[in-house]
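Peer 1: Task: produce atomic coordinates for the following.
(chains A, B and C)
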Amino acid sequence: MRRIAGLSLVVLAVAGVLWADSTLSINGAGATFPYPMYSKWFDEYHKKNANIAINYQSIGSGGGIKQVTEGTVDFGATDGPMNDEQLKAYQDKHGFGILHFPTVLGADVPAYNIPGVTAELNFTQDAIAGIFLGKITKWNDPAIADPNKGVALPSNDIVVVHRSEGSGTTYIWTDYLSKVSDEWKTKVGKGASVNWPVGLGAKGNEAVAGTIKNTPNAFGYVELIYAIQNNMPYGRVRNSAGAFIKADLASVTAAAAGAAKNMPDDFRVSITDAPGKTAFPIASFTWLLIPQKFSDPAKRDAIKGFVKWMLADGQNYTEALSYAKLPKEVVAKETKALNNIQ
Amino acid sequence: MSARLRWRKFVSGFMLTMTGVCALVAVSVLFLILGYLVYHGGASINWNFFTKLPVPVGETGGGMANAIVGSGKLLLLATLFGVPIGFLGAIYLAEFSGGTTAFVVRYAADLLNGVPSIVIGIFAFSLVVHPFKHFSTFAGGFALGLMMIPITLRSTEEFLRAVPRALREAAMALGASKWKTIVTVIVPAAYRGILTAILLAFARVAGETAPLLFTALGNQFWSPGWQQPTASLPVMIYTYALAPYDDWHRQAWAAGLVLLGLILIINIVARAILSRGIAVPRT
Amino acid sequence: MATTTTTVPGAGPVAGSRSFLSRLREGDEIARMITFLFAASVVLVTVLLVFELWQGSALARHKFGFNFFLTSVWDPIFEQFGALPFIYGTLVTAAVSLLIAVPLGIGAAIFLAELAPARVSDTLEFFIDLLAAVPSVIYGVLGIFIVVPLMRQYVQPALKHSFGFLPLFQGPVYGIGFLTAGIVLAIMVIPYIISVSREVLLSVPREQREAALSLGATRWESTWKVVVPFARAGIFGSIFLALARALGETMAVTMVIGNTPKISASLLSPGYSIAAVIANEFTEATGELHTQSLIELGLVLFLLTFILNGLARLLIVATSQRGSGMGHV
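Peer 2: I've put the predicted structure just below:
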């Protein structure tokens, strides 16, 4: 009996070692914003390249930046680009830099769960800022009701929902709020993790969507596909040109139009509150964070191969999940930038 | 019978009935939990659940095959790490050690036992993940193994000590050396209790989630070998339960049922082994 | 070689009366050294853990000092970290859970120890032990899908309606929050209170009960006024054990507490606990100060549970000894 146990342990150990060699495992972690897209992409890529398994864990953009800096994952993902301090920290730690590669365009939408209200609400910049600052507390507040004449809003208290962890989705949302509200800018600021004046915290886009869905009178921000996949009503937002725009492929693409032409070399750019009559104001690129140097050439080639595929075939999967494709100019620029990875 | 006595008797009957109610409430919670899991999870336990990998977000038809295997690997590592330390350490405490050393070791074990599991996660992260730059099954197994040590150690020591002197003295009288006595007489005599201790420790860590959050992380594919992140049942339950997708909820229920079922069965088996009579009567 | 008989093995240290070489030859010394190594590794790993916690929080400790425990701002952008909301949340949820679990638990323990026939008592105890084995994440799942909707739709509005004049039950009704977390925790810690209290109650000598009854006390009076006080220390020990478990509980709490670092007098409002914030923020705390502040929180939690567990053990051991040491007729 004991001999069998011992033998099986040895067999298992050997099997474990052998098994380890057959697949190339690449680990990435980060944003939940593009997670539906990435999980589809990595699944498809694995089907096409059975010996490469890219494992992506959606722990939030903050986690992506941290873990890739620590070196515990091979690449990261974020919707809030690394700031200069973080880039420098990475450089200091590793001796080489880290590169941003945009993958898709997405949008933060204001989703809500108001009993009896299924209409698409219009939200002004002041309304959103006021709600998240805690100054507007009821659904039938004039700031919300005025642009929505014809919709009967209850006098219930608004339950604000936000992210509990470091999130690129939060970065996009607070980036937008900082641009449209001076009070928000000075009181709270923009970042992946802020000191929220009000609201419940939930982990990941997934849990925010879940909380909004389960809590009457809830109001929060999620990436567009989460609202769509879960049949949650989401509102239109007034853009800088004064029009109430709904987030969709067209309006998100329009938001990136300006940036496409003037994309900086490091691809870090903010397209919130973008100019343009049809632009959705809370849109953003989302990036993969890829180190400039790899000690393992197999991993490097696998990742470069994936990015190439992503820029070509991969872009064909985006619209089904309501992410907008990258503008052609950006794709071209990225393809060139791939050569910087050694 | 005076009024006062009647009142006292009434209070007595009433309060004692209330205690019965308390006990009933406590026990019924268990059946409520089981019932709920069976009801919601039973329907979702199908062949897919056990054999398929997770599918992309928003699609249906995925399963938790990799999480089941992942949990198996994590628990195997945990047992390989925690049980020998607990077992051999207990032998030292019961057979070889002096008063002070025994006290220190027991104290350390109790301390370790009381550490919140999230703190064990922090420790495993800084000791294994950070230096080796890898989330891995190994780190997760290490964290869980740490949690198995105190339970195994204390219980094994108790059962070893419970072996009656008569057996030891008989062995010595026949000329056996100390270690031979331990291996051939004492441990076999206490084996039921020791096995129970190991099983209970195993069941305890099988459901632990927090330590795995920073060590094994997660994986949507199979985790090859021991050095890669891996999916595990508790973490999948956590992730899926918080998400808004109904399909994920169903899978979370199913996983909860499987996990709880496994833990309860181990507990029941462990207690059955113990109650069938320890090989040696306790003094 | 002259061999003298050793002292009784297994009950204490090996007598040194056999020479080192003789022990070595028979493999005893090797066995001793090997097992010692394993036992020592337990101590080593524990010391290492405390060390890592201490070292890993050095920056935060030096920067914030004692103010860490008095500030309630947790701001990763402006790098201000105060532990107060988490300590508050941890203590409040633990307090709520004990308020519910202690009366229920002691009541159940009294029933099992005093009233129930042995077989019923053992069977019920068996089920209670199974309850203790249910993993935390499953409690969390049940919390989200059963307790939270119940709280949001029925319990909390009712509480607000009847007791809304108290600051305890004011504010919007979310379903999640301190009260819900406390209730879920109560379910989780009840088994500990029941099983330990039952044992200490069982260890109270029969003479105590009989003396009370012979003086004319009713069954309840004998239990409540004589037996329970006799086992009082052990029962307190079980409460401390339960408290330690409640303080360290992570998964179930983070799924129902609302993850909001705010201090509020109302039990209906969302909050945060130490374990929950570590679980949520550890993998992505950017910046050394943030990470180290989280580790310092872990250190605080560790110290709290350490003290409580130590006290618990002292009390339980003292009671059992007291019980068994009483004179037998």
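Peer 1: correct me, but C:Q292 touches C:S57?
Peer 2: Yes: counting by CB atoms under 8 Å, C:Q292 touches C:S57, with 5.0 Å between them. Yep, even glycine has a C-beta here, placed from its N, CA and C like the rest.
Peer 1: how about the residues of the stretch 201-329 of chain C near chain A?
Peer 2: Within the stretch 201-329 of chain C, the positions near chain A by CB under 8 Å from any CB of the partner chain are C:254, C:258-260, C:270, C:272, C:280-281, C:283-286.
Peer 1: switch the cut-off to 6 Å
Peer 2: Contact residues, the stretch 201-329 of chain C versus chain A (CB under 6 Å from any CB of the partner chain): C:258-260, C:270, C:280-281, C:283-284, C:286.
Peer 1: ok, the residues you listed vs A:A250, which is closest?
Peer 2: C:E284 (33.2 Å; CB to CB).
Peer 1: and that closest one, how many neighbours does it have?
Peer 2: 25 (other CB atoms under 10 Å in any protein chain shown).
Peer 1: how about it, what does it touch?
Peer 2: Contacts here follow CB atoms under 6 Å, 6 or more residues apart in numbering or on different chains; on that basis C:E284 touches A:60, A:62-63, A:66, A:165-166.
Peer 1: out of those residues, who has the most neighbours?
Peer 2: Going by other CB under 10 Å, A:G60 tops these with 34 neighbours.
Peer 1: Surely that residue touches A:S164?
Peer 2: No: the pair A:G60 / A:S164 is not scored as a contact, 9.2 Å apart, by CB atoms under 6 Å.
Peer 1: any idea how far the residue in the stretch 151-300 of chain A that chain C sits nearest to is from chain B?
Peer 2: Residue of the stretch 151-300 of chain A nearest chain C, by CB to the nearest CB: A:G201 (3.4 Å). Distance of A:G201 to chain B, given as CB to the nearest CB, to the nearest Å: 12 Å.
Peer 1: Now do the helix or strand where that residue lies: everything it contacts.
Peer 2: Taking DSSP states H and E as the definition, one finds A:G201 inside strand A:200-202. Strand A:200-202 is contacted by residues A:161, A:164, A:208, A:211, C:258-260, C:270 when judged by CB under 6 Å, 6+ apart.
Peer 1: Pull up the pairing partners for that strand, direction included.
Peer 2: Within its sheet, strand A:200-202 is paired with strand A:159-163 (parallel), according to DSSP bridges.
Peer 1: Point out the residues in the stretch 101-250 of chain C that sit beside chain B.
Peer 2: C:104, C:107-108, C:110-111, C:115, C:124, C:127, C:130-131, C:133, C:135, C:137-138, C:141, C:144, C:187, C:190, C:218-220, C:248, C:250.
Peer 1: can you tell me which of those are in helices?
Peer 2: Among those, the residues falling in helices (DSSP state H) are C:104, C:107-108, C:110, C:124, C:127, C:130-131, C:133, C:137-138, C:141, C:187, C:190, C:219-220, C:248.
Peer 1: For ChimeraX, write a command that selects the buried ones of those residues.
Peer 2: To isolate the buried ones among these in ChimeraX, judged by 16 or more other CB atoms under 10 Å in any protein chain shown, type:
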select /C:104,107,108,110,124,127,130,131,133,137,138,141,187,190,219,220,248
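Peer 1: Among the contacts of C:E284, which pair sits farthest apart?
Peer 2: Using CB to CB, the contacts of C:E284 span at most 10.8 Å, a distance reached by A:K66 and A:E165.
Peer 1: Could you give the number of residues near residue 146?
Peer 2: Here I'm looking at chain A. By other CB under 10 Å, neighbour count at A:D146 equals 11.
Peer 1: Actually, chain C is the one I wanted.
Peer 2: 14.
Peer 1: And chain C, is whichever helix or strand comes after the strand holding A:G201 touching that?
Peer 2: Sequence-wise, the next helix or strand downstream of strand A:200-202 (DSSP H and E) is helix A:204-214. No: contact of helix A:204-214 with chain C (CB under 6 Å from any CB) is absent, the minimum separation being 7.4 Å.
Peer 1: That's all I had, so thanks and see you.
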